[in-house]
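Chemist: okay, here's the prediction I keep looking at, along with the sequence it came from:
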Amino acid sequence: MGATDPAGPVLDRDEVDRALARLGAEHEAIESSLLALQDHAGRRLLEGAELTGTTKERWTAAEASITLLWAYFDAYTDALRHAREIRARRRWSSREDLIELTELLRGESVTVADSATATANAPTLLGGSGRLSQRFSLAGLVERMNELYASSLDMVVAADAVWSALPARIDLLAAELQRTRKLAHSVGVRPGEHPAGDDLEHITRTLTRLREDVVSDPLAFWTAAPGSSAPGGGRPDTTVYDREARALEDVRREIDAVLTVRQDAETRLIKLRDVLSRADRTLAEARTARGEVLAKIAATEVPVVSGPPTALQEQLATAAEYRRSAQWHRLSPLLESLERKAEDELLRARESLTAVTAPLAVRAELRGRLDAYKAKVARLGLAEDPFLVERYDAARRMLWSAPCDLRVAEQAVLRYQQAAAEQLAAPRVPQQGGPQDRRGE
């Protein structure tokens with residue numbers, strides 16, 4: 001390299017010494033970083049893995065970047081060593097030495113030849129120029145090495161983060177899946193026979209495929225942090241894993257429900273029989289009451305009382321058979337359906353009894369109202385009033401005779417109430433002798 005005047009001012013000895021010290025410190029830092037990258041667990045895994053997709057593409061580029069990094073570092077090392085040799089020639093460097101050092105330390109004095117491998121794998125790393133070499137200043141070379149190192153480390157850290165997080169979690173979930181499958185089989189929840197069994201098969205296939213994809217293409221499961229410039233800024237994308245974990249939790253709840261059925265089946269069947277028995281007894285009471293109403297109440301439409309539902313009894317027998325044959329996955333939905341239908345049937349029976357006995361309730365209400373007014377009249381000293389006695393007897397005969405015409409009987413009760421009200425409202429005249437007729441007729 002000839003000693004020509006550099007474009008800028010020539011460095012003095014102190015400036016050269018400070019520049020060499022700074023470049024030496026940078027050299028040590030770069031060497032430590034490159035060695036750490038070389039020994040990084042993620043890089044070793046990437047070298048030995050059968051990669052696919054995005055990870056394969058980015059690792060091909062990263063390998064080329066790392067090759068260039070070492071080539072740049074070697075050139076940087078040679079340039080720094082050469083500068084140190086020039087400075088070591090004399091204690092007090094001559095102007096020619098200072099000019100040469102200034103050119104070496106500040107100018108584009110470093111020539112880097114592209115390796116055939118780096119050029120073939122990453123032709124764009126050198127700007128796509130297609131040149132066989134490039135010239136850099138030492139500062140420019142450091143900047144370029146920092147760029148390549150950051151991009152390579154970002155890729156390695158991201159892949160390592162995914163590999164460190166997802167496969168282990170997938171394996172734990174797969175182990176839990178196997179335990180759930182065994183438990184499901186023990187209660188008859190199998191593919192093709194129960195929806196939860198089909199769900200387990202789907203989760204198994206998805207987890208198997210997910211693990212294969214994560215191992216071969218970890219960067220497909222990496223979400224970079226927006227705006228982050230730090231290498232490895234981001235987090236593993238666990239969307240698929242989280243979805244399957246939730247699906248497995250839903251299946252576990254379904255299995256737990258089936259297990260609960262196995263434990264409580266006998267108690268629930270006994271309760272079901274009791275509810276259906278009460279419904280049958282209520283319907284029988286309604287049918288008896290209907291006959292009584294038809295015999296005792298005239299001119300009244302009485303609703304027909306249906307018989308006990310045979311379908312529920314058949315389903316109850318099926319449920320008992322499921323319990324005997326330990327078909328818990330079939331028993332679970334059947335019991336839930338039967339419990340709802342049995343409660344509905346009991347409610348329907350009670351409503352039927354209420355509807356059938358409504359005329360008897362009306363007659364009882366009329367009887368009570370009639371007796372209540374008679375008691376009131378007696379308290380006020382009008383119990384022997386012939387007119388009121390006549391009205392009371394007429395109403396009573398209608399209410400206590402069979403069949404009873406409720407419409408006519410209600411009119412008779414109303415007439416007695418009105419007569420009693422009129423007598424109670426009339427002014428009281430002291431009686432002289434026998435009783436007087438106050439009817440005004």
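Modeler: Nice, I can see it.
Chemist: right, and the helix or strand after whichever strand or helix holds Arg330?
Modeler: According to DSSP states H and E, Arg330 maps onto helix 328-356. Counting by DSSP H and E, the element after helix 328-356 in chain order, helix or strand, is helix 358-379.
Chemist: now that following helix: buried residues?
Modeler: If you call a residue buried by 16 or more other Cβ atoms under 10 Å, then helix 358-379 has these buried ones: 358-360, 362-363, 366-367, 369-370, 373-374, 377. C-beta coordinates here come from the backbone N, C-alpha and C atoms, glycine included.
Chemist: stretch 33-48 now?
Modeler: By 16+ other Cβ under 10 Å, the buried positions in stretch 33-48 come out as 33-34, 37, 40, 42-43, 45-46.
Chemist: same question, stretch 259-275
Modeler: Buried residues in stretch 259-275, counting neighbours by 16+ other Cβ under 10 Å, are found at 261-262, 265, 268-269, 272, 275.
Chemist: kindly indicate which of these lies nearest Arg350.
Modeler: Lowest distance from Arg350 to those (Cβ to Cβ) belongs to Val275, with 11.7 Å.
Chemist: need the contact list for the closest one.
Modeler: Counting by Cβ atoms under 8 Å, 6 or more residues apart in numbering, Val275 touches 342-343, 345-346.
Chemist: one more time with 10 Å
Modeler: Residues near Val275 by Cβ atoms under 10 Å, 6 or more residues apart in numbering: 312, 338-339, 341-343, 345-346.
Chemist: one step back: what is the helix holding Arg330 packed up against?
Modeler: With contacts defined as 3 or more Cβ pairs under 10 Å, 6 or more residues apart in numbering; DSSP states H and E, helix 328-356 has these neighbours: helix 195-216, helix 239-296, helix 310-324.
Chemist: from what I see, Val187 and Arg262 are in contact.
Modeler: Yes. In this structure Val187 lies within contact range of Arg262 using Cβ atoms under 10 Å: 6.3 Å.
Chemist: who touches both of the two?
Modeler: Residues touching both Val187 and Arg262 by Cβ under 10 Å, 6+ apart: 326, 328-329, 331-332.
Chemist: what helix or strand does Ala419 sit in?
Modeler: Applying DSSP H and E, one finds Ala419 within helix 406-425.
Chemist: so how far is that helix from its chain's centroid?
Modeler: Its chain's C-alpha centre and that of helix 406-425 lie 68 Å apart, by Cα atoms, centre = their mean, to the nearest Å.
Chemist: show me what contacts Ser325?
Modeler: Counted by Cβ under 10 Å, 6+ apart, Ser325 has contacts 188, 331.
Chemist: so what does it have for phi and psi?
Modeler: phi -90, psi 10 (degrees, to the nearest 10).
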